[in-house]
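>>> Sharing a model prediction with you, sequence too.
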Number of protein chains: 2
Amino acid sequence: MNIYDIAAEANTSISTVSRVLNQKPNVNPEIKKRVEEILKKYDYKPSAIARGMVSKTMKSITVMTVDVRVSHYARTIYVIEQEFSKQGYNVNVCNIGNSKEECIKYLNNAVEKQVDGIVLIGSIFSEFINSKDILHKIKDIPVIIANGHIEEANFYSVMVDDKSGIRSATDYLFEKGYQELLYVCDMDTQSARIKLQGFKEALKLRDIPDIEERIIKTYYGVEGGKAVADFIIDSNKKFDGIVFGEDITAIGALKQFKKRGYNIPEDVAIIGYNNCQETIICEPELTTIDNKAELLGKLCADVLKDITEGKIPQKGITIKPDIIEREST
Amino acid sequence: MNIYDIAAEANTSISTVSRVLNQKPNVNPEIKKRVEEILKKYDYKPSAIARGMVSKTMKSITVMTVDVRVSHYARTIYVIEQEFSKQGYNVNVCNIGNSKEECIKYLNNAVEKQVDGIVLIGSIFSEFINSKDILHKIKDIPVIIANGHIEEANFYSVMVDDKSGIRSATDYLFEKGYQELLYVCDMDTQSARIKLQGFKEALKLRDIPDIEERIIKTYYGVEGGKAVADFIIDSNKKFDGIVFGEDITAIGALKQFKKRGYNIPEDVAIIGYNNCQETIICEPELTTIDNKAELLGKLCADVLKDITEGKIPQKGITIKPDIIEREST
DNA sequence: CTGTTAGCGCCTTCAT
DNA sequence: ATGAAGGCGCTAACAG
């Protein structure tokens, strides 16, 4: 069933059918009514593919993250999807899982499908999308990169100021009277390095010596947190407060410190990052930095919508993370 | 840039270009080489839309859930996406958020875009997709419905046996020696009703009286759990073990019971459902039923892949949930 | 206000 | 082995 069939049954031409389908003017009300009835009768849906052939767009966008199962990515994706589905777009999600090859595969797919925009969530993408080759591939598609920056005409950024986030987490602990602060780093992304800078900055400003020795590396997750807690306890480092780059790792550590007999926050204060749901599950509940995953999604969507509508999007949008004070500090 | 441009530059016809593009036989190796070089030179990507026009497929599928932010939905979606992206498909995700209207909107969109399949995750969909109208709309698209059943030629089910899941949770508590069991219900979906049946069944088999009075309703989430804990404590019900339909609500209750001075599991045993990440965060860690979100995704993907490949998929696939014993029982 | 026509980019017969 | 031509379903001039 296509517009030819509809036109035949309505005893008119495909142009007229197309006009009523697209609510265009210059259609005799009677014919319009007749066509509409037939449309309804068959519950007729025009082929988006054929339309796309003409209009060069299928009204779809691509959103890429490392892994949807990570809750703050899911939160950002959720908002983007809701914003775009309102406008009749559909969003395809991609899990690249730390692989540059996968990233490029998805990018190629987006080009072939002629999506109207690409949203890249996570600083890892600015590491993957570096060569002229890759940039050239997607030069006709607007790309929003969340928490990353690429200097190209079709690239737009929405930044989360992670440096200031960790900086204020650190300052907050100092202001609370904690003096021997440690920082636990569990990722190797651009964003993780920026967070670390925030910590160093706060310490430098207070002339704290041996900053490098206050930085501990572990792996991401509850287990990584437990391992680093053991490491810290068994080292001879002095500490009374620890800043973490990720909530989940912080929670693992929190559990292990308790198990080893430490009181939180009396013996050691702990602050996390992300404000994920788990922060209100653990005990004591975790003080954390809210980096506003939903707001990030909204702002990315806004920028992309401006572009698809031909408007000039706001440049240099930056989200300031907030501190969420709970029981662990 | 299209195949005409390529053909012109290679001094051949579009048919030949199309042949090399699609690895078809009957093309002179020399010409083939020449064309391939030009293809590479421009990093040429054929338009998936134009291809779709001919082949009637864009190689994409639609996956719908209530909300991607719910972690077990994200887990299922993740696996489906990974499985299909391997085959060059892309998956568009939809958040219907308890709204039948949204559900139908997304279904229409899937029809217009001529997706190759639809995966519906969650029992709520069997309530929304009921009328002949809706069924007729999507009669040409294979639909996999996770945890629901619809008797139509193009519908396929992958079931999670939630009844047996709750049944074994209940049996497990009895076997551990708990005698006064309560069930907390926090949703109003088909799946929630089936879970409840599992609880009732276990009690009936032991000739436990007043089953209805052992069923308590609340709302979903940590707050709903806290509220129901207060309600239970302040009622004059006897209880030493509680079965929950959802982990998150169970955890809210767990926290509140502790706050009100109850020891877990000595004073009250608590068992949840879903095996979400939060179950290993709370203290004591929550015993729960693992309903295998990833496996669900894999099985849905397998069925849909069989269909798209013209094979006959296995019918009546059912996942048996497992009990995960932790500290709360 | 209406209908005819020419594409959109590709695949697929069908001749050659 | 190759190329010309038709068609997928729709939109957008253009002519009436």
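Yes, it's here. Numbering: from 1, shown residues only, chains lettered A, B, ... in the order given.
>>> In this model A:Gly241 seems to touch A:Glu180, though I could be wrong.
Yes - counting by C-beta atoms under 8 Å, A:Gly241 is a contact partner of A:Glu180 at 7.0 Å. In short, each C-beta sits where N, CA and C put it, glycine included.
>>> Same drill for these two, tell me which one is more crowded.
More crowded of A:Glu180 and A:Gly241, by other C-beta atoms under 10 Å in any protein chain shown: A:Gly241, with 24 against 14.
>>> Return the residues in contact with the closest residue to that one other than its chain neighbours.
Nearest residue to A:Gly241 in three dimensions, chain neighbours excluded: A:Tyr178, at 3.5 Å (C-beta to C-beta, 6 or more residues apart in numbering or on different chains). Going by C-beta atoms under 8 Å, 6 or more residues apart in numbering or on different chains, A:Tyr178 touches A:Asp240, A:Gly241, A:Ala269, A:Thr329.
>>> Next: A:Gly221.
A:Gly221 touches A:Asp186, A:Ile248, A:Thr249, A:Gly252, counting by C-beta under 8 Å, 6+ apart.
>>> on that earlier part again, make JSON lines out of the contacts of A:Tyr178 and add secondary structure.
Output for the contacts of A:Tyr178, formatted as JSON lines (DSSP: H, G, I helix; E, B strand; the rest coil):
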{"residue": "A:Asp240", "secondary structure": "coil"}
{"residue": "A:Gly241", "secondary structure": "strand"}
{"residue": "A:Ala269", "secondary structure": "strand"}
{"residue": "A:Thr329", "secondary structure": "coil"}
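>>> Could you measure from the residue positioned nearest the centre of chain A over to A:Lys24?
With distances taken as C-alpha atoms, centre = their mean, A:Ile121 lies nearest the centre of chain A, 3.7 Å away. Note on A:Ile121: its distance to A:Lys24, by C-beta to C-beta, to the nearest Å, is 38 Å.
>>> Number of residues surrounding the residue in chain A that DNA strand C sits nearest to?
Of all residues in chain A, A:Asn28 sits closest to DNA strand C, at 2.8 Å by C-beta to the nearest atom of the strand. A:Asn28 has 11 neighbouring residues, counting by other C-beta under 10 Å.
>>> Phi, psi for the residue nearest to the centre of chain A please.
phi -110, psi 110 (degrees, to the nearest 10).
>>> and it, bridged to which residues?
Bridge pairing for A:Ile121 (DSSP bridges) gives the partners A:Ala146.
>>> Return the residues in contact with it.
Contact partners of A:Ile121, counting by C-beta under 8 Å, 6+ apart, are A:Val63, A:Met64, A:Thr65, A:Tyr73, A:Thr76, A:Ile77, A:Ala146, A:Asn147, A:Leu296, A:Cys300.
>>> element containing the last one, please.
For A:Cys300, the enclosing helix or strand under DSSP states H and E is helix A:293-308.
>>> residues in contact with that helix?
Residues contacting helix A:293-308 (C-beta under 8 Å, 6+ apart): A:61, A:71-73, A:75-80, A:83-84, A:87, A:116-117, A:119, A:121, A:142, A:144, A:146-147, A:156, A:158, A:160, A:274, A:312-314, A:317, A:319.
>>> repeat that for 7 Å
A:61, A:72, A:75-80, A:83-84, A:116-117, A:119, A:142, A:144, A:146, A:156, A:158, A:160, A:312-313, A:317, A:319 (C-beta atoms under 7 Å, 6 or more residues apart in numbering or on different chains).
>>> what do you get for stretch A:191-200?
Under C-beta under 7 Å, 6+ apart, the answer for stretch A:191-200 is A:123, A:147, A:162-167, A:170, A:183, A:185, A:211, A:215, A:243, A:245.
>>> Would you confirm that A:Asp322 contacts A:Thr288?
No - at 9.7 Å, A:Asp322 and A:Thr288 do not qualify as touching, with contact defined as C-beta atoms under 7 Å.
>>> So those two - more neighbours on which side?
Taking other C-beta under 10 Å, A:Asp322 and A:Thr288 do not tie; A:Thr288 has more neighbours (31 against 14).
>>> wait, does the helix or strand harbouring the more buried one contact chain B?
Element membership for A:Thr288 (DSSP H and E) is strand A:287-290. No - Strand A:287-290 does not reach chain B (C-beta under 7 Å from any C-beta of the partner chain); its nearest approach is 13.4 Å.
>>> Specify the residue ranges that define each domain of chain A.
Following automatic domain parsing, one finds the domains of chain A at A:3-55, A:60-160+A:293-321, A:162-290.
>>> Please produce JSON lines containing those domains, extended by mean pLDDT.
Shown next, in JSON lines, are the domains of chain A (pLDDT from 0 to 100):
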{"stretch": "domain A:3-55", "mean pLDDT": "96"}
{"stretch": "domain A:60-160+A:293-321", "mean pLDDT": "96"}
{"stretch": "domain A:162-290", "mean pLDDT": "97"}
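>>> export these to TSV and tack on distance to B:Asn109?
Below are those laid out as TSV (distance: least, C-beta to C-beta, whole Å):
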stretch	distance to B:Asn109
domain A:3-55	8
domain A:60-160+A:293-321	6
domain A:162-290	30
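>>> quick one, which of the ones you listed is nearest to B:Val228?
B:Val228 lies closest to domain A:162-290 among these, at 16.6 Å (C-beta to C-beta).
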